[in-house]
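> Any chance you could fold what I've pasted below:
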Amino acid sequence: PPAREEVYYEAPPAISETILPTVSVLTVVGIIPAAAAWSRQAWVRYKITSRRIRVTSGIGGKDMAEIVYPDIVELRTVKRLFGDGDMVAFLRDGAKFEMRNIPNFDETLEFILKNVDDDVAAVYRQKGDVGKDM
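Numbering: from 1, shown residues only. Prediction:
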């Protein structure tokens, strides 16, 4: 029998994405980024398991996108402040699957790399983090 699906993370994006936009509310221009960051906190949920990654979004979680690890052909990431990061998974059908402000990024990325194909993980370890070249 196949192994049971293990849930690694199930929660909204990292709360730290709201810090700078919230402080910037002191300026009129900062209201829009703050509203966007807080709405992601309210409406976006990530679920990362040993078999799949699911992003639920929209009011009441109406929108759902899900990928399984064998569909991933390439990963690219960028680290953010406070230990968070962004990830783009390129899929076999040419689509892109984006996740922003993933909390505990290094640990979460290691979990994902253990579940993708070995060649995808090897290529990522060589050149996947686009932020390290900046």
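> May I ask you to name the longest helix in this protein?
The residue-count maximum for a helix in the chain (DSSP state H) belongs to helix 31-43.
> buried ones in that one?
33-34, 37-38, 40, 43 (16 or more other Cβ atoms under 10 Å). Every residue, glycine included, has its C-beta placed from N, CA and C.
> Next: stretch 9-16.
Here stretch 9-16 shows 9, 12-14 as buried, counting by 16+ other Cβ under 10 Å.
> Quick check: phi and psi on residue 92?
phi -50, psi -40 (degrees, to the nearest 10).
> Which of the buried residues of helix 31-43 lies at the shortest distance from residue 100?
Distance to residue 100 across the buried residues of helix 31-43 (Cβ to Cβ) is lowest for residue 40, with 7.5 Å.
> what's near enough to touch residue 43?
Contacts here follow Cβ atoms under 8 Å, 6 or more residues apart in numbering; on that basis residue 43 touches 57-59, 61.
> Which of those are buried? Put it as a ChimeraX command.
Entered in ChimeraX, the line below selects the buried ones among the contacts of residue 43, by 16+ other Cβ under 10 Å:
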select :57
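> ok, and what's touching stretch 82-93?
The contact list for stretch 82-93, computed with Cβ under 8 Å, 6+ apart, reads 13-14, 16-17, 19, 53, 67, 71-80, 96-106, 109, 112.
> Just to be sure, residue 66 is in a helix?
No: Residue 66 is assigned strand when assessed by DSSP: H, G, I helix; E, B strand; the rest coil, not a helix.
> Show me what it is bridged to.
residue 54 (DSSP bridges).
> likewise residue 46?
In beta-bridge terms (that is, DSSP bridges), residue 46 pairs with residue 11, residue 55.
> so it sits right up against residue 14, yeah?
No: between residue 46 and residue 14 there is no contact under Cβ atoms under 8 Å: 9.8 Å.
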